[in-house]
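Undergrad: requesting a structural model of the entry that follows:
(one chain, ligands or ions: 1)
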Amino acid sequence: MSYAYDDSNIFARILRGEIPNKTLLETPHTLAFHDIRPQAPVHVLVIPKGKYVNFDHFAADASDEEIADFTRTAAEVCRMTGVKPGQGGQGYRTIANAGEHGVQEVPHYHLHILGGRVLGPMLKRAE
Ligand code: 5GP
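TA: Okay, the predicted model is just below:
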């Protein structure tokens, strides 16, 4: 399956340096920065630098090196922000929205890392 990537999306613009961001961590393949509308005391977005639309696109087409770098960067964000359980932190949630039903706003793959408070149930039941 081929995925159409829209180069004008906001995270592509952040990666090109056209829009500022509050960077927490940058590696050769990955960027982690604070969400502009945080929904918890810790709300960081982790994105690959490559042009991937969502999680399944990333899993299908990214190299093992990109996937390892992304995964380890996300774990390092958990450590840096102090949410890592068992090491002083009290836990976190990772979320990757995809497509229409996933209510994905920005069509560049990103992992939300949320923490710093009790986050409540995973989903509200739809009416
Ligand atoms: P999605 O709904 O696609 O999973 O999440 C997109 C996230 O990107 C939202 O939490 C939103 O607040 C965040 N966001 C949108 N535009 C910007 C921006 O220009 N800068 C940053 N740092 N975050 C953004």
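Undergrad: only C-alpha atoms for contact and neighbour calcs from this point on.
TA: Will do.
Undergrad: residue of the chain closest to the ligand, please.
TA: As assessed by C-alpha to the nearest ligand atom, the ligand sits closest to Glu105 within the chain, at 3.4 Å.
Undergrad: got phi/psi on Phe55?
TA: Dihedral angles of Phe55 (phi, psi; degrees, to the nearest 10) stand at phi -60, psi -50.
Undergrad: ok, back up a step: what's the burial count for the residue of the chain closest to the ligand?
TA: 12 (other C-alpha atoms under 10 Å).
Undergrad: and it, how far from Glu26?
TA: 23 Å (C-alpha to C-alpha, to the nearest Å).
Undergrad: next one: Val83
TA: Going from Val83 to Glu26 by C-alpha to C-alpha gives 19 Å.
Undergrad: show me where this structure has helices.
TA: Here the chain has its helices, by DSSP state H, at 10-15, 55-61, 64-80.
Undergrad: in the chain, where's the longest strand?
TA: Counting residues, the longest strand in the chain under DSSP state E turns out to be strand 42-48.
Undergrad: can I get that one in PDB, CA atoms only?
TA: Only the C-alpha atoms of strand 42-48 are listed here, as PDB (Å, rounded to 0.1, in the frame of the first residue of the first chain):
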ATOM      1  CA  VAL A  42       3.700  16.600  30.700                       C
ATOM      2  CA  HIS A  43       2.500  16.500  27.100                       C
ATOM      3  CA  VAL A  44       5.300  15.800  24.600                       C
ATOM      4  CA  LEU A  45       5.100  14.900  20.900                       C
ATOM      5  CA  VAL A  46       7.700  12.500  19.500                       C
ATOM      6  CA  ILE A  47       7.900  12.500  15.700                       C
ATOM      7  CA  PRO A  48      10.200  10.800  13.200                       C
END
